[in-house]
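*Asks:* Have a look at this fold, sequence not included:
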């Protein structure tokens, strides 16, 4: 389930590619969490907490990978 689309930005760099992949992973995981919540496997608070955690991870990734931009 780790199929990522290609990054086609004019400002391509290995770090931007990695962040792009992290962003796609974030979006996929949010979709899964929402699906679990909608099917009653997670309550709203659990879903929120999980999304908040992966959001923090994405922000940390951005800060580490794109700090030179």
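*Replies:* Ah, there it is. Worth saying up front: this structure is predicted, and the values here are computed from it rather than measured.
*Asks:* The residue nearest in space to the middle of the chain and residue 51: what is the separation?
*Replies:* Taking C-alpha atoms, centre = their mean, the centroid of the chain lies closest to residue 26, which sits 1.6 Å from it. For residue 26, the distance to residue 51 equals 9 Å [C-beta to C-beta, to the nearest Å]. All C-beta atoms are positioned from the backbone trio N, CA, C, and that covers glycine.
*Asks:* Enumerate every residue touching residue 63.
*Replies:* For residue 63, the contact set (C-beta atoms under 8 Å, 6 or more residues apart in numbering) is empty.
*Asks:* Then residue 22?
*Replies:* By C-beta under 8 Å, 6+ apart, the contact list for residue 22 reads 58, 61-62, 65.
*Asks:* make it 7 Å
*Replies:* Residues in contact with residue 22 (C-beta atoms under 7 Å, 6 or more residues apart in numbering) are 58, 61.
*Asks:* element containing it?
*Replies:* Residue 22 is located in helix 14-38, with elements delineated by DSSP states H and E.
*Asks:* Stretch 8-17 spans what distance, first to last residue?
*Replies:* 9 Å (C-alpha to C-alpha, to the nearest Å).
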